[in-house]
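have a look at this prediction, sequence included:
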Amino acid sequence: MSAIPQDGTVFRTIKATDMQTQGPGRAVKTTDEIAVALVVQDARLAEAWMDQKQWTLNWRETDILYQSPRTLATWENSTVTKANVSRFTVAKHVNTLVPSMIRGIFYEAPPFQLRPRGHSKASSIRAKQSAFATLLDEMEFQNEAEAGCESQCLNGTGIWKWGWQTTFDVQKTYVRKKAPIRVKLPFTSKEMTVHTAASDEFEIQDQEVEKNRPFFESKELGTVMPAPGWRARNQIWKAKYVIERSYMDFYALNELRWTRGYNLPPEAELKKWWEPPVETAPPPSAIVQQQQSNAIIHHAQRPDEEESKDPLAAPLEVLERWDKKTVKVVVNGKHCIRNEEHGLGRIPYLSANWWNIQNAGYGLGVGRLVGTDQRVEQGSTNAALDILSMAVNQQYARSRGANVPTQQIRSRLGGIIDVDGDVDKAFKIIDPPKVPAEVWTTIQVSKQASESVSGADEAFVQGGIPNKGGSSVVRTATGAGGVAAASAGRIEGPVGRFVNNVLIPFLYIMDDMVNERMPLAELRALIADDLGDDFEFDTDDYLNSKLKFEVLAGARLAAKKAMAQSLPLMVQILENPELTRQLNQTGWVIDVREIFEMFMEMSEWKNNRSLIRKMNAQEQQMYQQFNSAMQKNQQELQKINAKHAAKKDEIDQSAEARLAHDLILNAGERAGAHVEREVFEKESAPFYEEGVGQ
């Protein structure tokens, strides 16, 4: 445990011999004193570089444009304020695009599909999908993703942090003070439950439960400082190092004892850090100070400022320095509380840009892309309103030297001004200026330009086709669809960057962390909460299964529709008895439960556990009795059928014998008649030949 005093040693020169190398690909070790110096000096270096770049990326200006505060400007030599109407072009575009992104990514729960690779069992894949869906809900993944996407859209870059944490929750269970009475009913073997006043009383029991869970958090720009050489866009984890500045009080630091790797002093010694002389936390970065100290826009209080009179609630600065192998954590630039190899394999940060910048890690956002158009629209609108204000509050001219009042007199209803001489020659209303028609054209052009850049136009927002100035492209269904598809396609890039660089990588990371760090008993309980206690899966196959994550964003919703449409056809094919027979002959069988799960998945029903369940003892007994009766009835029916079949065969044989006898008898009679006819014809032939019979 080191406690370096503020005597300048924190800015000592770090020598090459201070870095304890262990060979290629191995982590570099340092002492706690060197770790403090390295973290503080790298934080100053990264902060200075980022403070310079925030002006180029217009983060502060974007923040002001988003809230569009009103300023007070007056006419020259008067107290009358000029027009200052706020325009929220940037805010409108951000709050149009971000919800569309989130709906497209999280159009179903969970927002992914698992595909097995190799010989992974279907039960293992279903168990993984259930576990991941529950974990994403617990960490409020969608809310954190939306917060980061807002920064991605507004400022050009969103940053998220992931990791593993151990917490202890207190769960309440309600236990009866006394069990209800079971009374046996007379003349039957059944029992009845009788509730009493004592059995209706419960007591609450608190049980401390350890939870090992992954986490996923959105980070504000300015709190995470990558190395100045970071240029891998959408991949902040490829920076040489990343430093995060946060502020923690005594209670938050004390809870870090549950996290593996932290080396905190005993609680009594830790509490001395908040005893006089009280340590003052260094201020946050200039970006955070400007964003949260600007009086004209609204933000929460700075994290380094006091929020409570509780002395242990005073914040202290915490710097975390992450590189590919090691992590170092320093409190207030003095106390090293963590200095070890983290074992995560990569820097635990993810990022996604709105528009990429060549040879740069940060990107361009809607605030910079649309901010200029908002200024043009707001300036033109206010200028036009000023001209209209002059037309409503007209100016007067009076003749110099005329017999008129020498001082300005405020106009009022029913007011009378006394003058000498001709009134028409003494006073005259100056003709008001007119608003140039080019002002409204400029506003319209600026609005269309901002919509075309961001994609938040009528086709995207309302599904309608905008006015294209007489173009025939929207006169056909194909053309209209092309316009709408082109509008929606403008956010496919940002959505794809979030999915490919944040969502899918985190799912693979979460799979590895769950396999390596979550106890199996806790994993089984997690899966049982969703799939039921009777769901069984092979633990070895679960841990070693190879899988692929697929994310069907809203733009690819047609894929799911095609799956739903093809499912009935697939069932008809599987119902073919010839196909079933051939599968059985080769040792295969169709899993009806799996088909049912497919139907439930496509229809979005979530009550499959209630719809199909195991029979209880009474239902099994009734089924067995019914099955026995059915078997007995089938046996009796088979006997009756056999008896009828034998009787039918006997009747058929008797009928066949009679038919054969009749056929033989008829054949003999026909044969005798034929012979008699032939004899008669021979005997009568000469008689006809002599002409006697003519």
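That came through, no problem. Residues are numbered from 1 along each chain as shown.

which strands and helices lie in contact with the helix or strand hosting residue 350?
Here residue 350, judged by DSSP states H and E, is contained in strand 349-353. Secondary-structure packing of strand 349-353 (3 or more CB pairs under 8 Å, 6 or more residues apart in numbering; DSSP states H and E): helix 141-155, strand 157-176, helix 492-498. The C-beta positions use only the backbone N, C-alpha and C, and glycine is treated the same way.

run the last query once more with 10 Å
helix 141-155, strand 157-176, strand 202-219, strand 224-226, strand 242-248, helix 492-498, helix 504-517 (3 or more CB pairs under 10 Å, 6 or more residues apart in numbering; DSSP states H and E).

quick one: that strand to strand 202-219, angle?
Inter-element angle recorded for strand 349-353 and strand 202-219: 50 degrees (by axes from the mean of the first three to the mean of the last three CA atoms, to 10 degrees).

begin at 100, not 1, for the rest of this chat.
In the new numbering, first residue 100, that becomes strand 448-452.

what strands line up against strand 448-452, and which way round?
Strand 448-452 pairs in its sheet with strand 256-275 (antiparallel), by DSSP bridges.

rounded mean pLDDT for the partner strand, please.
Strand 256-275 carries an average pLDDT of 88.

mind putting the helices and strands packed on strand 448-452 into TSV with distance to residue 694 and mean neighbour count?
Output for the helices and strands packed on strand 448-452, formatted as TSV (distance: least, CB to CB, whole Å; neighbours: other CB atoms under 10 Å):
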stretch	distance to residue 694	mean neighbour count
helix 240-254	30	23
strand 256-275	36	16
strand 301-318	33	14
strand 323-325	47	26
strand 341-347	48	21
helix 591-597	33	21
helix 603-616	27	17
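
hmm, residue 346 is touching residue 417, no?
Yes. The criterion here is CB atoms under 10 Å, and residue 346 meets it with residue 417 at 6.6 Å.

between those two, what contacts are shared?
380, 431 (CB atoms under 10 Å, 6 or more residues apart in numbering).

nearest to residue 199, out of the helices and strands packed on strand 448-452?
helix 591-597 (8.8 Å; CB to CB).

elements contacting that closest one?
Helix 591-597 packs on helix 188-204, helix 240-254, strand 256-275, strand 448-452, going by 3+ CB pairs under 10 Å, 6+ apart.

so can I have CSV of these showing distance to residue 409?
Output for the helices and strands packed on helix 591-597, formatted as CSV (distance: least, CB to CB, whole Å):
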stretch, distance to residue 409
helix 188-204, 37
helix 240-254, 28
strand 256-275, 22
strand 448-452, 32
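
out of the ones you listed, the one nearest residue 748 is which?
strand 256-275 (69.9 Å).

what about that closest one, distance to the chain center?
The chain centre lies 19 Å from the centre of strand 256-275; the measure is CA atoms, centre = their mean, to the nearest Å.

residue 478: how many residues sit nearby?
15 (other CB atoms under 10 Å).

any idea which element it lies in?
Here residue 478 is assigned to helix 465-491, by DSSP H and E.

doesn't residue 460 fall inside a strand?
No. Residue 460: not assigned to a strand; according to DSSP: H, G, I helix; E, B strand; the rest coil it is coil.

for the residue nearest to it when sequence neighbours are not counted, pull up the helix or strand it's in.
Closest residue to residue 460 apart from its sequence neighbours, by CB to CB, 6 or more residues apart in numbering: residue 329 at 4.0 Å. Using DSSP H and E, residue 329 maps to neither a helix nor a strand.
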